[in-house]
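> Just need the structure, nothing else, for what follows:
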Amino acid sequence: MTVAQAQDVNAVLIKNFMFSPMSTTIKAGSTVTWKNLDGEPHTVVSDSGLFRSAALDQNDTYQFKFDKPGVYNVFCGIHPNMKEVITVQ
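Residues are numbered from 1 along each chain as shown. I've put the predicted structure just below:
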């Protein structure tokens, strides 16, 4: 595995009004990077209120470090039908 691949493990792409992957499992202390590839703005919001990104324009990114194990439900505040689940172990 190259260094670039190792860094991309916790990348979530926002594309075609979907989070990809829609579910991911990471280790506590890991940082997830979201990148919006759509021409429309999207936000990254935790349903528990833990974090909320600003509106991400095309190619913008947002990062959040997950310190505590648990299951985190994430959605787009602009398009609430866009959902994903992040499991932190």
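> wait, what's in contact with the residue nearest in space to the middle of the chain?
Central residue of the chain (Cα atoms, centre = their mean): Trp34, 4.3 Å from the mean position. Trp34 is in contact with 11-14, 19, 44, 53, 56, 61-63, counting by Cβ atoms under 8 Å, 6 or more residues apart in numbering. Backbone N, C-alpha and C define where each C-beta goes, glycine included.
> any idea how far the residue nearest to Gly29 when sequence neighbours are not counted lies from Asn59?
Once flanking residues are discounted, Gly29 sits nearest to Asp67: 6.2 Å by Cβ to Cβ, 6 or more residues apart in numbering. The spacing between Asp67 and Asn59, counted by Cβ to Cβ, to the nearest Å, is 27 Å.
> could you pull out the strands for this protein?
With DSSP state E, the ranges of strands along the chain come out as 11-15, 18-20, 23-26, 30-36, 45-46, 61-66, 70-75, 83-88.
> quick one: average pLDDT of the first one?
Here strand 11-15 scores 97 as its mean pLDDT.
> Format the CA atom coordinates belonging to that strand as PDB.
Extracted in PDB, the C-alpha atoms of strand 11-15 (Å, rounded to 0.1, in the frame of the first residue of the first chain):
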ATOM      1  CA  ALA A  11     -12.000   9.900   2.600                       C
ATOM      2  CA  VAL A  12     -15.700  10.300   1.900                       C
ATOM      3  CA  LEU A  13     -16.700  11.700  -1.500                       C
ATOM      4  CA  ILE A  14     -19.900  13.700  -2.000                       C
ATOM      5  CA  LYS A  15     -21.000  12.900  -5.500                       C
END
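> which residues of the chain score low on pLDDT?
With pLDDT under 70 as the threshold, the chain has low-confidence stretches at 1-9.
> correct me, but Ala28 touches Lys65?
No: assessed by Cβ atoms under 8 Å, Ala28 is found out of contact with Lys65, at 9.6 Å.
> which residue sits closest to Phe64 in space, ignoring its chain neighbours?
Phe51 (4.9 Å).
> Contacts only, for that neighbour.
Residues counted as contacts of Phe51 (Cβ under 8 Å, 6+ apart) are 44-45, 64.
> Okay then, goodbye and thanks.
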